[in-house]
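Novice: could you look at this predicted model? Sequence included:
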Amino acid sequence: MAHFSRIFLVFVALLFNVWTPSQASDVLRLEDNFRTLDLTPFVKTINQNDYEFSIQNATNQSVDLLLHRLAPPKLTTAIGLSAPSETPLRLFSSDDNEFAAAPGQPNLVRLNVPANQVQTFLLADAVGWQPVYLWSPNYYASYQSRLYTVQLSLLSLLSGLLLVAIIVAVLRRSRRAAYAVVMAMGLITLQGSLWGDDLVQGLGTEITWLTGNDLLIPFAFVLGLIMTGIGHLNLLFRRVINRNYWTRVIILADICLIATASLWSLAYASPNFAGVLGAEMPHIALSLTIACILLGVIFLPDRRDTHLE
């Protein structure tokens with residue numbers, strides 16, 4: 001019986017070691033093919049605002065890395081649900097070197113680990129802790145370039161759909177189509193404002209009205225909510241041409257809106273739920289919502305071919 005108890009205790013200990021996540025004090029070993037990694041599980045809290053992690057450079061040459069702190073969702077920051085991460089990142093290495101974030105990029109800092117060495121880094125004054133990622137500089141630049149391309153492509157597509165929808169709304173002389181166009185314009189403005197920093201960086205120019213206007217995001221958000229409410233109330237209390245058609249459009253748009261709101265709530269409650277892509281998933285859902293609304297206007301039947309229902 002005693003022998004069985006010892007075997008059982010050894011088994012429990014082994015099982016605990018297998019299922020226990022990596023401790024924050026673990027040394028992170030980097031190889032030649034390193035591209036990106038969620039650094040958060042390897043970070044140990046020192047005190048309220050200071051954190052520590054260790055990196056082993058297993059290569060034969062010095063390695064440059066980027067430490068990227070995920071910012072809170074821009075929408076939740078704009079409407080006051082979360083505070084912006086404005087404190088610039090600062091790192092102190094175990095060989096007494098200091099690495100600071102560049103001006104205008106408080107969430108990004110470049111660091112260096114000498115060849116075949118282990119360095120411990122102190123992340124100082126990180127008020128408002130957010131998940132952090134470690135990147136290869138080249139891979140980070142490639143990721144940002146692809147992200148900018150996707151954002152610009154989606155905004156261009158939505159702008160094209162908006163132009164066609166405006167033409168259709170005028171030709172159909174539909175008040176409901178006009179409401180939908182105004183709602184889509186507000187949501188496109190919201191989308192562009194949320195992507196403003198990335199677009200400005202990708203374009204290589206300064207667009208102050210897109211990045212420096214703190215009221216633009218709340219205004220576009222409220223406008224979208226108001227027009228959504230007007231669209232539902234009109235469908236409920238007014239006689240509407242093509243009622244069945246607009247009912248289907250609104251139901252599809254509502255499904256997209258619910259998905260968008262759910263993803264934003266998830267990004268706010270758990271910023272690291274889908275890695276670096278988690279911050280972009282609500283924006284993609286918002287783009288689908290806008291496209292659904294505009295396509296509803298574009299394919300609106302002619303009122304001469306329908307009747308009041």
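Specialist: Sure thing, it's come through.

Novice: tell me the pLDDT of Tyr268.
Specialist: Tyr268 carries a pLDDT score of 86 in this model.

Novice: which residue is the nearest non-sequential neighbour of it?
Specialist: Thr76 (4.9 Å; Cβ to Cβ, 6 or more residues apart in numbering). (Each C-beta comes from the backbone N, C-alpha and C, glycine too.)

Novice: before we move on, what SS does the one you found have?
Specialist: helix (DSSP: H, G, I helix; E, B strand; the rest coil).

Novice: can I assume it is in contact with Pro271?
Specialist: No. Using Cβ atoms under 8 Å, Thr76 makes no contact with Pro271, being 10.1 Å away.

Novice: so between these two, which is more surrounded?
Specialist: Pro271 (20 against 16; other Cβ atoms under 10 Å).

Novice: quick one, phi/psi of the more buried one?
Specialist: As for Pro271, its main-chain torsions (degrees, to the nearest 10) stand at phi -60, psi -20.

Novice: can you pull the contacts of it?
Specialist: If you count contacts by Cβ atoms under 8 Å, 6 or more residues apart in numbering, Pro271 has them with Leu70, Pro72, Pro73, Gln130, Pro131, Gly278, Ala279.

Novice: right, and the first one touches Ala274 too?
Specialist: No. Leu70 is beyond contact range of Ala274, at 11.0 Å (criterion: Cβ under 8 Å).

Novice: pull up the overlap in contacts between these two.
Specialist: With Cβ under 8 Å, 6+ apart, Leu70 and Ala274 have no common neighbours.

Novice: who has more neighbours out of those two?
Specialist: Applying other Cβ under 10 Å to Leu70 and Ala274 shows that Leu70 carries more neighbours, namely 20 against 14.

Novice: list the contacts for that one?
Specialist: So Leu70 contacts Asn107, Gln130, Pro131, Val132, Tyr133, Pro271, Asn272, Val276, Ala279 (Cβ under 8 Å, 6+ apart).

Novice: same deal with Thr76?
Specialist: So Thr76 contacts Ser82, Trp264, Ala267, Tyr268 (Cβ under 8 Å, 6+ apart).

Novice: among those, which one has the most neighbours?
Specialist: Ala267 (23 neighbours).

Novice: contact partners for that residue?
Specialist: Pro73, Thr76, Phe273, Gly278, Ala279, Met281, Pro282.

Novice: for these, which one is nearest Met185?
Specialist: Pro282 (19.4 Å; Cβ to Cβ).

Novice: in which helix or strand would I find that closest one?
Specialist: Using DSSP states H and E, the element containing Pro282 is helix 281-298.

Novice: over to His68?
Specialist: strand 63-69.

Novice: each with direction, which strands does that strand pair with?
Specialist: Take DSSP bridges as the rule and strand 63-69 pairs in its sheet with strand 108-113 (antiparallel), strand 132-135 (antiparallel).

Novice: all the strands of the chain, in order from the start?
Specialist: 27-30, 36-38, 44-45, 51-57, 63-69, 90-93, 98-100, 108-113, 118-124, 132-135 (DSSP state E).

Novice: closest one to Leu223 among those?
Specialist: Among the strands of the chain, strand 63-69 sits nearest to Leu223 (Cβ to Cβ), with 31.2 Å.

Novice: what comes up buried for the closest one?
Specialist: For strand 63-69, burial by neighbour count (16 or more other Cβ atoms under 10 Å) applies to Val63, Leu65, Leu66, Leu67, His68, Arg69.

Novice: what is the nearest of these to Asn49?
Specialist: Arg69 (13.1 Å).

Novice: give the contact list for that closest one.
Specialist: Arg69 neighbours (Cβ under 8 Å, 6+ apart): Ser85, Leu89, Asn107, Leu108, Ala126, Gln130, Pro131, Val132.

Novice: for it, give the beta-bridge partners.
Specialist: According to DSSP bridges, beta-bridge pairing links Arg69 with Val132.

Novice: angles on the backbone of Ser62, please.
Specialist: phi -60, psi 140.

Novice: for the longest helix seen in the chain, name the packing helices and strands.
Specialist: Criterion DSSP state H: the longest helix present in the chain is helix 137-172. Applying 3 or more Cβ pairs under 8 Å, 6 or more residues apart in numbering; DSSP states H and E, we find helix 137-172 packed against strand 36-38, strand 63-69, helix 175-194, helix 196-203, helix 281-298.

Novice: now those in JSON lines, with mean pLDDT and distance to Asn49?
Specialist: Formatted as JSON lines, those follow (pLDDT from 0 to 100; distance: least, Cβ to Cβ, whole Å):
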{"stretch": "strand 36-38", "mean pLDDT": "90", "distance to Asn49": "21"}
{"stretch": "strand 63-69", "mean pLDDT": "92", "distance to Asn49": "13"}
{"stretch": "helix 175-194", "mean pLDDT": "88", "distance to Asn49": "28"}
{"stretch": "helix 196-203", "mean pLDDT": "71", "distance to Asn49": "25"}
{"stretch": "helix 281-298", "mean pLDDT": "94", "distance to Asn49": "28"}
